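Colleague: could you look at this predicted model? Sequence included:
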Amino acid sequence: MRQLRRAYRLMRARFGHQHWWPGDTPFEVCVGAILTQNTSWTNVERAIANLKAARVLDAKRMFALPEAELAQLIRPAGYFNIKARRLRSFLRMLVEEFDGSLAQLFDGKTATVRARLLAVNGIGPETADSLLLYAGGHRSFVVDAYTKRIFSRHHWCSADADYDEVKMLCESALDEKPVSERFDYWQDYHAQLVMVGKHYCRKREPRCEDCPLRPLLP
DNA sequence: TGCCAGGCCGGGT
DNA sequence: ACCCGGCATGGC
C-alpha cells in the first residue's frame, strides 16, 4: 500500500517528528498505556503526577500499595477501580515473574512477549502493542480507534476490519525502511495518526478540508 | 448540556 | 462468533 507511505510523508511534513511516547521512563510508559484506555491523555497526566508525588512510580513500590490507595491516586484517569486492578495484575506478573524488571519482561521474541502481555487481565491488543513499541524496544505496530477510523474513511481497510487485520496491513506496508530506521518509523507513524485523529478526523465535526491526508481522500 | 476520550472484560445470545 | 453494558473523570 503505497498510500500508507505517502500518508506518513504528509503527516510528518505537517506535524514534525512527535518523539513519542510521552513519558520519562519505560515504566511510566507502561503505566500511562494502561491508564489511557478509552481516556484522554490530559486526565492520565494528572494521575501520573499523583503517582510521582506519592513516589510510587516503580514496579515493586506500586505493587506494595493497597489497591484502594492506588485507585485514589489514579482517580483523575477515570475507571479508577478497574484500572487499579488492571495495573496490579500487570505488576503482579512483572514483580513475581520478572523480579520487577521490564528489561527481563521484554527480553525475548516479540510474539512470545506479546502473548505473555495479552494473558494479563486488563491488557488487550492495543495496550500490549503500545508496551512493546514504546517501552519494550520491540517493533510491533499499534492500532487504535483513530487508526481504524482514518483507514476506513480512506478505504484502506473495511469499516469493520478487526485489530489484527489492520495491524498486519500496517506492518507489511511499512516495512520498506532500512532496519535502523524502522523502529522509529513505526513509533512515529502511530503518533502521527493520533495527531490526525485528534485534530482532523474526530467523530464529531471532522475537518477534512485542513487534514494533511486530504490529498489521499477517495 | 451531552458527547467524547489513544480499551477491555464478562455475560448474554 | 458476535453484541452489548459497564467502567468514571475532565474538556469542550
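Modeller: Received, thanks.

Colleague: show me the contacts for the closest residue in space to residue A:23 that isn't next to it in sequence.
Modeller: In space, and not counting its chain neighbours, residue A:23 is closest to residue A:29: 4.1 Å by CB to CB, 6 or more residues apart in numbering. C-beta coordinates here come from the backbone N, C-alpha and C atoms, glycine included. Residues counted as contacts of residue A:29 (CB atoms under 8 Å, 6 or more residues apart in numbering) are A:21, A:23, A:130, A:131, A:134, A:135.

Colleague: does the last one touch residue A:26 like I think?
Modeller: Yes - the pair residue A:135 and residue A:26 qualifies as a contact (CB atoms under 8 Å) at a distance of 4.0 Å.

Colleague: so for these two, which sits in the more crowded spot?
Modeller: The residue with more neighbours, out of residue A:135 and residue A:26, is residue A:135; 22 against 18, by other CB atoms under 10 Å.

Colleague: about what we covered before: what helix or strand is the residue nearest to residue A:23 located in?
Modeller: helix A:26-35 (DSSP states H and E).

Colleague: got the angle for the next helix or strand after that helix vs helix A:26-35?
Modeller: For helix A:26-35, the following helix or strand on the C-terminal side (DSSP H and E) is helix A:41-53. Orientation check (axes from the mean of the first three to the mean of the last three CA atoms, to 10 degrees): helix A:41-53 against helix A:26-35 gives 130 degrees.

Colleague: sorry, back to before: is any part of the helix holding residue A:29 close to DNA strand C?
Modeller: No - figure legend: helix A:26-35 not in contact with DNA strand C (CB under 7 Å from any atom of the strand); closest approach 10.8 Å.

Colleague: show the average pLDDT along that helix.
Modeller: On average, the pLDDT along helix A:26-35 is 98.

Colleague: using CSV, write down the CA coordinates of that helix.
Modeller: Taking C-alpha atoms only, helix A:26-35 is exported to CSV below (Å, rounded to 0.1, in the frame of the first residue of the first chain):
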residue,chain,number,x,y,z
PRO,A,26,9.7,2.8,30.3
PHE,A,27,7.8,2.0,33.5
GLU,A,28,6.0,5.3,33.2
VAL,A,29,5.1,4.5,29.6
CYS,A,30,3.6,1.1,30.8
VAL,A,31,1.5,2.8,33.5
GLY,A,32,0.4,5.5,31.0
ALA,A,33,-0.6,2.9,28.4
ILE,A,34,-2.9,1.2,30.9
LEU,A,35,-4.3,4.4,32.3
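
Colleague: sweet, I'm off.
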